[in-house]
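*Asks:* Fold the stuff below for me.
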Amino acid sequence: MERGNKDKPLWSKHTRGTITITAPRRMRLKHKQRFRATPEELGRSIAKFTLLEGDVNLKKYPQLGDEKTPAPPEEYTIKHKGGGWYNVLSPTGEVMNEDKLKSEQAEALCKKLSEKSDE
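*Replies:* Model prediction:
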């Protein structure tokens, strides 16, 4: 079953799971479901869909991999280790502290490392 206005391009969701598109109307889309929408309605999630029919210039949408998108900013994160102890992880997932830390210590180290990487 197709959903949407017949004047819009026809898309199919090629990723697993369910995604909700809210603009201009609310649509819950499942794997392999066909629907009609403009690329602007799909927004940042356009890479999860395959264009089946319609005239759309896909090169205008860098999310599809046609153009190089900028990398997300590198951030240090805090991960709960268990029992009130935490680790500070680098953007690559490496543990930055030698010993387990309490919450306040982990936040302080994370802030210090983030400031150092901004310089």
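*Asks:* can we go C-alpha only for contacts and neighbour counts from here?
*Replies:* Noted.
*Asks:* Domain-wise, how is the chain divided?
*Replies:* Per automatic domain parsing, the structural domains of the chain span 2-64, 77-118.
*Asks:* If you average pLDDT over each of those domains, which is lowest?
*Replies:* Mean pLDDT per stretch puts domain 2-64 lowest among these, at a mean of 81.
*Asks:* Next, count neighbours for Gly83.
*Replies:* For Gly83, the neighbour count with other Cα atoms under 10 Å is 7.
*Asks:* what are the ranges of the helices in this structure?
*Replies:* Using DSSP state H, the helices of the chain run over 39-42, 103-118.
*Asks:* Export these to a markdown table and append columns for distance to Lys79.
*Replies:* Output for the helices of the chain, formatted as a markdown table (distance: least, Cα to Cα, whole Å):
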| stretch | distance to Lys79 |
| --- | --- |
| helix 39-42 | 33 |
| helix 103-118 | 9 |
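*Asks:* so which of the ones you listed is the most packed in?
*Replies:* Highest mean neighbour count among those (mean count of other Cα atoms under 10 Å): helix 39-42, with a mean of 16.
*Asks:* what comes into contact with that helix?
*Replies:* Residues from elsewhere that reach helix 39-42 (Cα atoms under 8 Å, 6 or more residues apart in numbering): Ile21, Thr22, Ala23, Pro24, Ile46, Val56.
*Asks:* can you do 10 Å?
*Replies:* With Cα atoms under 10 Å, 6 or more residues apart in numbering as the test, helix 39-42 has contacts from 8-9, 11, 20-25, 45-46, 48-49, 51, 56-58, 60-61.
*Asks:* Report the distance from it to the chain centre.
*Replies:* 16 Å (Cα atoms, centre = their mean, to the nearest Å).
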